[in-house]
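> got a structure for you, letters missing:
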């Protein structure tokens, strides 16, 4: 019987683990990798994707191309049963569960971003973790420029042109450098925006940037970014966030519609559900990368906490969550699985970092390689050369290289493509006094109150006078859309700080016009609270819009 | 006072109208174009985008790059007031309406696809009209290959590998040729799919393909496609469609999960709302392209029906909805607006087609140019050369050219990017007897019944026995998700043909846990109908998952 080796996750850890297993086992094992997407994302390029230097399609590589002779299964992981040695997945549009048996399991699920500790941050911040995040950020920035170019409202323009990046570590600094370059290169297309109106701000809790690099290089990075007009705020955390502002821990309020969070790592929900022992939110493994309490479950990459010496306690005693380490971990892990199968001795993971590089955008970078410090154009070129060589797959290298050539020679595109946004129902935070919507505004959603108090004002036609009433948790407003209302009849504002759930117009009208109990409740509510009767209209208008069966 | 010239729409008609107006008026007019997207889509390339020959980003051009000295406003058009000469729009995330005044209005809103005449087609077919449609189609095809490669269920594999294109006109033939090429070139990455398992079928109501071209070229195209394994069914319409099958007008049932509709043009909703006189679903204009009954409202491109002679009645008496014509219409229209402003005489639109070209994919094409018929590789090369020269913008030409070079030399990528899908609430058609879901399936949505009868079977713990009951219009099932259920407890199937609305899991659970009236109704319903009580669970689990205000 062939050994069944199953890898969960298609990032650096998972991809390289599968490749290394293939190398060691050849055809003597059945190697399978399960990934939610069928592509590998070269994470270090995400800031360049967000800035449009590289087309989204070109920063990723087909896992099938990279994993010759490894079975790829594009599926969502539902659960893992360690006792039965079975992983349950859902694949494609299929709702039926599929079970996959394993002899050895490699957990390489990376990490996700958790921003829930700061009120409003999870709901209002853009992230920089997945390809979708990078695509969304690029479209979002261009949309803000489009809006700022045409709006007549000074406060809207100011909010649209203020971009805040939370965190000034590697990801934060690279993101802010690229974002600034994108904006600077795009402004020539936006005649109504003056460069002085744009603010790009980094907010960092620590006293300095790029903690992973020597102080002098971090200082160089900060000087470069400042020279290009970036504002950097250190010793500053985020206290709270709404859709239109960020409040810092030092009490400053920054009006903005763009907050990009590069902080807050947490385990993926699937890893949490597995019931493996976690330390600091990462899978606790021994020095051989075996999960605590298991002899056939392994973990590596961002999702594992790998000790690099006995009795590790300090931060530096553990392998850092970088691509450089993940690739080396994969080799040792595959070798340890092979040793286990053959009954040989395992070896602990050991590796010393060769250095670190960061791009600052606009052809500047910082680097420390084998102890040598570099900065400026040379460091930036080295950054590009290093990552090009590191990138797996010839076609990806070729495409990225051609993207870089074109980007160096030609103007950058300001096309804003639509981006997937699973936000048909989204939470929105308001501070006391904030307007929610006003009479005459576009009717774009149905609101239910999660917390706080909201004041609804309108002219009551039944009573022939202006009415004001408050809506609290569990209550709702905006339901007149069920009557086909396309602009708002009333005005709503937040009386206290609060959170609402907004369900999109289309989803709300479809649901309320097909779900009798909800429709009747709303009809009754409109008549009882607002004294409007729309029953006759409903029968003719709503029902004629529903699809007909054959 | 400068003349205010306002163009609605950024397709071929709108883009070229704005450019021609700029040429004729220079700085003496204030020219503005309103478009929902900030890019121009080169429509003839959409089948190649759907097939991955050209990266989505490279088939489009920034409108700002193409419209120097024309003001671009990325906005959604809400309404037009011809009396006040004002267009009302919503821009960016802004909910406040913005009014834009005009002296002359050019309506170039194109057309949209309306499939509502065939039951289920609107809800289940993919379209080929916008860039999003092309992106969605490509991702959809790759997803089907991914699923077919791993599924153990023969009927699921068969459905996943059957691709049906509805319509064998220009768009249908180009789409099917490219789709077939994408699949053929991708199969090497899918070891578990045998080429003989793939079916690509065209269904056409007319007795022949490519009605716009001579019979002999159409016959060549059909021969070529058949040689490559495409099935073509003529004299065949579509009777009905569900998520898993297509039934033809001849009574044949084709099990499939991919239906691509290239038929069914209709006016855009905004044009319908304007109240302009329409003929055959297009704006009725005189030979000068002035909308009937207006002297300062003009229309061109796909959305206008432009007579090319007096008393036009026959199909050939009107300008066809092609890019070639739209570009020439734009020149005449701009010249007529200039003449109107100067009080000079207008000239009717006249143009004779120079020919037509269609690509068949796999380096084959058909063409009729100045009466000369061409087919095969030469016609395909001519197609590429013609469209490359026709494409606006140097950078777009350069990018498309480089895409073509790479695609000719290197394997095509099978990366499936996520695509925007505004389908958090979608209608699904079922035929009598179809399963909706089964016990143990993934719980992925809340169902309300639009029409038909559905049978719900489950084990009732309260009564200790199996129960079956029917749910009809206005009723619902799948609500146990509110209890945190991740897999189905019961089984549902369609008793009659019917339609349901499915609201996504996330949207449903967020809404029902924040909206008290709905939550109470469902709690009561679960206890009354299903005898389950989950109140204690709700308080601890649901409420802890809600976001906290500051």
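Perfect, I can see it now. These figures come from a predicted structure and were not determined experimentally.
> pull out the buried residues from the helix or strand that residue A:122 is a member of.
For residue A:122, the element it lies in under DSSP states H and E is helix A:121-124. Judged by neighbour count (16 or more other C-beta atoms under 10 Å in any protein chain shown), helix A:121-124 contains these buried residues: A:121, A:122, A:123, A:124. Placement of C-beta: from N, CA and C, glycine included.
> how about the strands of the stretch 151-300 of chain A, start to end?
A:162-166, A:199-203, A:230-233, A:238-241, A:245-248, A:253-255, A:258-261, A:265-267, A:278-279, A:282-284, A:297-299 (DSSP state E, counting those that start in this stretch).
> paired strands for the shortest one, with orientation please.
Strands that pair with strand A:278-279, judged by DSSP bridges, come out as strand A:282-284 (antiparallel).
> shaky segments in chain A?
A:420-422, A:535-545, A:549-550 (pLDDT under 70).
> care to break it down by domain?
Structural domains of chain A, as assigned by automatic domain parsing, span the residue ranges A:3-45+A:52-112+A:267-342, A:121-263+A:355-391, A:425-544.
> about what we covered before: want to throw the buried residues of helix A:121-124 into JSON lines with distance to chain B?
Compiled in JSON lines, these are given as follows (distance: C-beta to the nearest C-beta, whole Å):
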{"residue": "A:121", "distance to chain B": "10"}
{"residue": "A:122", "distance to chain B": "7"}
{"residue": "A:123", "distance to chain B": "6"}
{"residue": "A:124", "distance to chain B": "10"}
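> how about residue A:436, nearest residue that isn't a chain neighbour?
Spatial nearest neighbour of residue A:436, chain neighbours left out: residue A:492 (4.1 Å); criterion: C-beta to C-beta, 6 or more residues apart in numbering or on different chains.
> the one you found: what secondary structure?
Counting by DSSP: H, G, I helix; E, B strand; the rest coil, the backbone at residue A:492 sits in strand.
> OK, contacts around it?
A:435, A:436, A:437, A:447, A:454, A:455, A:456, A:457, A:477, A:478 (C-beta atoms under 8 Å, 6 or more residues apart in numbering or on different chains).
> give me the buried entries from the residues you listed.
Buried among the contacts of residue A:492 (16+ other C-beta under 10 Å): A:436, A:437, A:447, A:454, A:455, A:456, A:477, A:478.
> reformat those into TSV and put distance to residue B:261 next to each item.
Compiled in TSV, the buried ones among the contacts of residue A:492 are given as follows (distance: C-beta to C-beta, whole Å):
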residue	distance to residue B:261
A:436	40
A:437	37
A:447	36
A:454	43
A:455	47
A:456	43
A:477	39
A:478	34
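> let me have those in JSON lines, extended by secondary structure.
Output for these, formatted as JSON lines (three-state DSSP):
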{"residue": "A:436", "secondary structure": "strand"}
{"residue": "A:437", "secondary structure": "strand"}
{"residue": "A:447", "secondary structure": "strand"}
{"residue": "A:454", "secondary structure": "strand"}
{"residue": "A:455", "secondary structure": "strand"}
{"residue": "A:456", "secondary structure": "strand"}
{"residue": "A:477", "secondary structure": "strand"}
{"residue": "A:478", "secondary structure": "coil"}
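> of those, which is the nearest to residue B:12?
residue A:437 (36.8 Å; C-beta to C-beta).
> residues from the stretch 301-450 of chain A in reach of chain B?
A:395, A:398-399, A:402, A:406, A:410-411, A:413-422, A:424-425, A:427, A:429, A:431, A:437-438, A:440-442, A:444, A:448-450 (C-beta under 8 Å from any C-beta of the partner chain).
> from these, which land in strands?
Judged by DSSP state E, strands contain the following of those: A:425, A:427, A:429, A:437, A:448, A:449, A:450.
> highest neighbour count among these?
Highest neighbour count within those: residue A:429, with 29 neighbours (other C-beta atoms under 10 Å in any protein chain shown).
> got a list of what it touches?
A:119-120, A:123-124, A:240-243, A:497-499, B:547, B:549-550.
> out of the residues you listed, which are buried?
If you count burial by 16+ other C-beta under 10 Å, the buried members of the contacts of residue A:429 come out as A:119-120, A:123-124, A:240-243, A:497-499, B:547, B:549.
> ok, so of these, who is nearest residue B:148?
residue A:123 (38.1 Å).
> who touches the helix holding residue A:122?
A:114-116, A:166, A:238, A:240-243, A:259, A:261, A:426-429, A:499, B:547.
> mind redoing it with 7 Å?
A:115-116, A:238, A:241-243, A:259, A:261, A:426-429, B:547 (C-beta atoms under 7 Å, 6 or more residues apart in numbering or on different chains).
> cool, and stretch A:96-106?
So stretch A:96-106 is contacted by A:3-8, A:17, A:32, A:78, A:85-91, A:296-298, A:333, A:337, B:440-441 (C-beta under 7 Å, 6+ apart).
> the residue of the stretch 101-250 of chain A found nearest chain B and residue B:109, how far apart?
The nearest approach of the stretch 101-250 of chain A to chain B comes at residue A:147, 3.1 Å away (C-beta to the nearest C-beta). Relative to residue B:109, residue A:147 is positioned 22 Å away (C-beta to C-beta, to the nearest Å).
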